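Trainee: coords below, sequence missing:
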């Protein structure tokens, strides 16, 4: 009769060990999701329940499970915009404009709060198109080729003011 009771006790021990192992695994996985890394030349905006609560620099960081991390890239990025414009003599001109840009570290949180992560398409692209078209429209089609450097300087001046 003692032998029959030993079997249920052994089953209970195995069940307890399995339950402890499952709990330990859940705790371990949960703890691992609380760490995140930010690469060099990036910053992370940490939000708590949708509200910006912190901004972190490159490195390993800890976050609460209720927080989300949005990475903002501070590296120089390049974009090419193809446009169809009209010159002052009403000639259609095809323009390919290249721009290098980067967000400043000090502005990452402000940009995320006011615009979001799609800041290029929301703010920059429309302003680039507007600046290029307004400058191109002041020149004749013939003078556009000769004045490329002047055009570029004028467009850059407009964009620096606006962006």
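Mentor: It's in. Owing to the predicted nature of the structure, the values given are computational and were not obtained by experimental measurement.
Trainee: name the residues of the one helix or strand residue 158 maps to that come out as buried.
Mentor: Here residue 158 sits within helix 148-162, counting by DSSP states H and E. For helix 148-162, burial by neighbour count (16 or more other C-beta atoms under 10 Å) applies to 151, 154, 155, 158, 159. (Glycine included, C-beta is placed from N, CA and C.)
Trainee: how about stretch 121-130?
Mentor: Buried-residue list, stretch 121-130, by 16+ other C-beta under 10 Å: 123, 124, 128.
Trainee: just stretch 68-76 next, same as before
Mentor: 71, 72, 74.
Trainee: what is the subsequent helix or strand relative to whichever strand or helix holds residue 72?
Mentor: Per DSSP H and E, residue 72 falls inside strand 67-73. Downstream of strand 67-73, the first helix or strand assigned by DSSP H and E is strand 77-86.
Trainee: relative to the whole chain's centre, how far out is that following strand?
Mentor: Relative to its chain's centre, strand 77-86 lies at 21 Å (C-alpha atoms, centre = their mean, to the nearest Å).
Trainee: please enumerate the strands of this structure.
Mentor: 35-38, 42-48, 51-56, 59-62, 67-73, 77-86, 92-101 (DSSP state E).
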